[in-house]
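Student: 3D model of this:
(chains A and B)
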2 protein chains.
Amino acid sequence: MLSKSQIKLITQLKQKKYRQLNGFFVVEGVKTINELLQSHFVLQTLYTTETFNIDAKKEVLISESDLKRISFLTTPNKALAIFKIPVPKPIIKNGLIVALDAVRDPGNLGTIIRLCDWFGIKDLVCNNETVDCFNPKVIQATMGSITRVNISYIDLVDFLKESSLPIYGAFMEGDNVYNKNNLSEGVLVMGNEANGISKEVEAIINEKISIPRFGDLRSTESLNVATATAILLSEFKRR
Amino acid sequence: MLSKSQIKLITQLKQKKYRQLNGFFVVEGVKTINELLQSHFVLQTLYTTETFNIDAKKEVLISESDLKRISFLTTPNKALAIFKIPVPKPIIKNGLIVALDAVRDPGNLGTIIRLCDWFGIKDLVCNNETVDCFNPKVIQATMGSITRVNISYIDLVDFLKESSLPIYGAFMEGDNVYNKNNLSEGVLVMGNEANGISKEVEAIINEKISIPRFGDLRSTESLNVATATAILLSEFKRR
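Tutor: Model (predicted):
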């Protein structure tokens, strides 16, 4: 059985302000919940239609129809869990760091977190104009990789100014990334879906890099920020 | 003013069977509609809140509330157009061709079409288990690049058997793509989101290729098919 206060809390956790107020976020689906249970993330309460055989005090068995009431998905997947928002670890200021300047789309952020996990990027730093990584749509898109990437929301301009690493930024008009032979360490900055990297951040970039277009040059479309991140991380890591 | 039959047709065009029956598909948003108007795609009817200054017989001025009634989007963007589904051009059987084996997610197909456009891939071939490229969510994700990529739905097994090009397939356990120095021409096959490339297609693949994982090897997650396509197309094209 679900109490009114439980339903209220879960519903509120859709919104960033209530996540920050309560220090919790929501995860759905057996597979992703299991990934989080096996990580350093701390479970608060698990609402599930089938037992996970965990600490009974933290597990609430509910009906399919109750799950439907609390789920953020159109097709709920057996369980919904509330986890504590972890305190980010200190940023390791060497190797390759990915930095996001106002990436707004939850699907893009989720895909970028998954890419960081794949390419062994330990730290993802975001300014506060970037969508919250504990947004349910981001969590859904990360497929559990949020447990393996340290995500910090910081003042990006200050962070970059203080960094001793070379700072690369993805631009439409930058140097051809395929011709760069010295890529390994650094901060790779990716910008907003519509406007790219802001002027303030652009001023601190050391090297502007670009993925060359091979198709029809009349088209003005850019690559999506998540696919551009995929290609650039591949370029940093393959060498 | 919108007639009942107009509303009915537009609503039906959400479904593949009615798109095939009528030979039409729906495009929304001023920017994408303009890209299609400037291409070889043939407009049937444009429903818009502001004139596009085109052939008046093809333009129907409607109110915002009428647009809301017919739009597939939660936030309609000024105009909705019905275009004729074009007949695919013959496939050019040289260079690099991308082939999809049961890619189901409209967002993924849209992103892959956009990537083909960026990397100058002329032909994208799909089996019939792949989502329809005239699905409204696909069209929305392509950002107009559907006008520059020739998309054919074919029997993939027959197509590959008859191809004289080398056939590459993306697998979790393939040769490290970064170590391949002979990549340029070929058919690159990408598989289904959950199951990868089917057994039947796998049997015809000449070379299995893979993007190496640099992160935590305990995780079993794969890259998303669209981001994997981004990285592999970059590898084919950068050399």
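
Student: ok, and the closest non-adjacent residue to A:Asp216?
Tutor: B:Arg148 (5.3 Å; Cβ to Cβ, 6 or more residues apart in numbering or on different chains). No exception for glycine: its C-beta is placed from N, CA and C like everyone else's.

Student: What of A:Tyr178?
Tutor: A:Tyr178 sits nearest to B:Arg238 (Cβ to Cβ, 6+ apart), 4.3 Å away.

Student: Can you give me the neighbour number for the one you found?
Tutor: For B:Arg238, the number of neighbouring residues by other Cβ atoms under 10 Å in any protein chain shown comes to 19.

Student: Pull the number of nearby residues for the residue nearest to A:Asp216.
Tutor: 23.

Student: do the same with the one 5 residues further on
Tutor: Counted with other Cβ under 10 Å, the neighbours of B:Tyr153 add up to 15.

Student: any idea how far it lies from B:Lys16?
Tutor: Using Cβ to Cβ, to the nearest Å, B:Tyr153 is found at 11 Å from B:Lys16.

Student: between those two, what contacts are shared?
Tutor: B:Asp132 (Cβ atoms under 8 Å, 6 or more residues apart in numbering or on different chains).

Student: Isn't A:Thr142 up against A:Cys116?
Tutor: No: when contacts are counted by Cβ atoms under 8 Å, A:Thr142 is not listed as touching A:Cys116 (9.6 Å).

Student: How is chain A partitioned into domains?
Tutor: Taking automatic domain parsing as the reference, chain A has its domains at A:4-84, A:96-238.

Student: Tell me which of the ones you listed sits most buried.
Tutor: Stretch with highest mean neighbour count among the domains of chain A: domain A:96-238 (a mean of 19; mean count of other Cβ atoms under 10 Å in any protein chain shown).

Student: first vs last residue of that one, how far apart are they?
Tutor: 13 Å (Cα to Cα, to the nearest Å).

Student: do stretch A:221-228 as well
Tutor: Distance between the two ends of stretch A:221-228: 13 Å, counting by Cα to Cα.

Student: How far does that stretch sit from its chain's centre?
Tutor: Taking Cα atoms, centre = their mean, to the nearest Å, one finds the center of stretch A:221-228 at 16 Å from the center of the full chain.

Student: Scan chain A for its longest strand.
Tutor: With secondary structure taken from DSSP state E, chain A has its longest strand at strand A:167-176.

Student: wait, A:Ile146 sits on A:Ile113?
Tutor: Yes: between A:Ile146 and A:Ile113 there is a contact at 5.7 Å, judged by Cβ under 8 Å.

Student: Would you mind grabbing the residues shared as contacts by the two?
Tutor: With Cβ under 8 Å, 6+ apart as the test, A:Ile146 and A:Ile113 both reach A:Cys133, A:Val138.

Student: if we can go back for a sec, just give the strands next to the helix or strand just after the longest strand of chain A in its sheet, each with its orientation.
Tutor: Per DSSP states H and E, the first helix or strand lying C-terminal to strand A:167-176 is strand A:186-190. Paired neighbours of strand A:186-190 in the sheet (DSSP bridges): strand A:96-100 (parallel), strand A:167-176 (parallel).
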